[in-house]
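> sequence unknown, structure follows:
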């Protein structure tokens, strides 16, 4: 419950406080958000499976974000930033879909 | 176990539910939602989800409130800038071309206007000469009173020629305009000017320099003396404003055409 509250508070703060994002981080923010979403869906699925572990969740969340940003950064340096970030989004999207399917089986039993 | 590690095969939850009497995934979810329990895991996950929500909101807002340029990459921005520069250049060229065209058109219309103005001016001047428009200006009035009927056409012609020689610019006798091809004849009942009979007293309205016109008539042996010899009286008065308003029709010449030379 507190976790859901955290998400809601984060969205509200982001919408109303309007924090300025440093220009250096800005290009990586969308990819980092998608990576974090993947981690959250993975965590939700693990919880439904009864194998949730907060330490694992924290590590996977942070490493997901960092790796995704790193890949995009590397792609920018190599001159294939656009293509590489598309690839990252595709891979993360597939994982989100498969996790969502598992969650759906738990919740709706279908 | 890594939550987003090797995805668990999807048939996994299916045997889990009926086989084990323990809590299902749904019950576990509901239990964790309510009642809220403050635990380290909940707090940590809340913190991470807070960060996620923050990033999500920022990204959505920056995407929706500013243009697509905000998230664009450097090379895309450079390309867009180049395209804008090209477009600006093209539009500048076109503006320059249209400006030139406009200046050209304005000049030509100015010239046409000037030419039209000069034509109107010239038409007025020629109209005064040809007698097709009324004229006004300083000059003299000559009244020849002929009680004996002794005045003849040639005497009036002398007077006209004397006036012309003195610089008269527009002349009218009674109500007949005197122009280049005016002729005078002696008719049965007086003098005829251009075929129209006029009767005494003969009133000349003359536009010109009065200081030249009056002495020209009064010179010894001149017009005035000749007329007075015939028992006619001549009265010359100067006026600041003489109106010569007798008109004659402009005749289109039958044979003569204007030559370009």
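Nice, I can see it. Predicted, not measured: the structure shown is a model, and the values here were computed from it.

> use CA for all of it now, contacts and neighbours both
Noted.

> helices along the chain, start to end?
Picking chain A for this. A:2-16, A:29-49, A:54-78, A:81-108 (DSSP state H).

> wait, chain B was what I had in mind.
B:13-19, B:25-33, B:40-65, B:74-130, B:153-165, B:210-218, B:223-229.

> in TSV: those, plus mean pLDDT and distance to chain A.
Formatted as TSV, the helices of chain B follow (pLDDT from 0 to 100; distance: least, Cα to the nearest Cα, whole Å):
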stretch	mean pLDDT	distance to chain A
helix B:13-19	42	7
helix B:25-33	74	4
helix B:40-65	81	4
helix B:74-130	92	9
helix B:153-165	88	96
helix B:210-218	87	94
helix B:223-229	86	108
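
> among these, which is nearest residue B:241?
Nearest to residue B:241, of all those, is helix B:210-218, at 10.9 Å by Cα to Cα.

> touching the closest one from outside, list them.
B:138-140, B:159, B:162-163, B:166-168, B:222-225, B:236, B:238 (Cα atoms under 8 Å, 6 or more residues apart in numbering or on different chains).

> next, the angle from that helix to helix B:153-165.
Helix B:210-218 and helix B:153-165 are oriented at 150 degrees to each other (axes from the mean of the first three to the mean of the last three Cα atoms, to 10 degrees).

> any idea how far helix B:210-218 is from the middle of the chain?
Relative to its parent chain, helix B:210-218 has a centroid offset of 48 Å by Cα atoms, centre = their mean, to the nearest Å.

> please apply the same query to stretch B:224-236.
The answer for stretch B:224-236 is 58 Å, by Cα atoms, centre = their mean.

> span of it from start to end?
In terms of Cα to Cα, to the nearest Å, the two terminal residues of stretch B:224-236 are separated by 9 Å.

> any regions of chain A where pLDDT drops low?
Within chain A, the stretches with pLDDT under 70 are A:1.

> in it, what residue comes closest to chain B?
The nearest approach of chain A to chain B comes at residue A:3, 3.7 Å away (Cα to the nearest Cα).

> which among the contacts of helix B:210-218 end up buried?
B:139-140, B:159, B:162-163, B:166-168, B:223-225, B:236, B:238 (16 or more other Cα atoms under 10 Å in any protein chain shown).

> ok, now which ones touch residue B:127?
residue B:133.

> quick one, what contacts the residue most central in space within chain A?
Closest residue to the average C-alpha location of chain A: residue A:36 at 1.6 Å, with Cα atoms, centre = their mean. Applying Cα under 8 Å, 6+ apart to residue A:36 gives the contacts A:61, A:62, A:64, A:65, B:52.

> show me the contacts for the last one.
With contact set as Cα under 8 Å, 6+ apart, residue B:52 has these partners: A:7, A:10, A:33, A:36, A:37.

> which of these ranks first by neighbour count?
Within the contacts of residue B:52, most neighbours by other Cα atoms under 10 Å in any protein chain shown means residue A:36, with 28 neighbours.

> got CSV for the helices of chain A, with distance to residue B:99 too?
As requested, those are exported to CSV (distance: least, Cα to Cα, whole Å):
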stretch, distance to residue B:99
helix A:2-16, 49
helix A:29-49, 48
helix A:54-78, 46
helix A:81-108, 44
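
> select, out of those, the one closest to residue B:153.
helix A:81-108 (110.2 Å).

> what does the pLDDT read for the closest residue to chain A within the stretch 151-261 of chain B?
Nearest residue of the stretch 151-261 of chain B to chain A: residue B:260, at 77.3 Å (Cα to the nearest Cα). If you check residue B:260, the pLDDT there is 73.

> can you check residue B:9 too?
Value for residue B:9, per-residue pLDDT: 44.

> tell me which residues of stretch A:62-70 are tucked away?
A:62, A:64, A:65, A:66, A:68, A:69.

> does chain B sit close to it?
No: shown here: stretch A:62-70 not in contact with chain B (Cα under 8 Å from any Cα of the partner chain), separated by at least 8.8 Å.

> stretch B:250-261: how far from the chain's middle?
How far stretch B:250-261 lies from its chain's middle: 34 Å, per Cα atoms, centre = their mean.

> for it, buried residues please.
When burial is assessed from 16+ other Cα under 10 Å, stretch B:250-261 yields no buried residues.

> same thing with stretch A:6-24?
A:6, A:7, A:8, A:9, A:10, A:11, A:12, A:13, A:14, A:15.

> of the residues you listed, which is the nearest to residue A:78?
Comparing the buried residues of stretch A:6-24 against residue A:78 with Cα to Cα places residue A:14 closest, at 32.1 Å.
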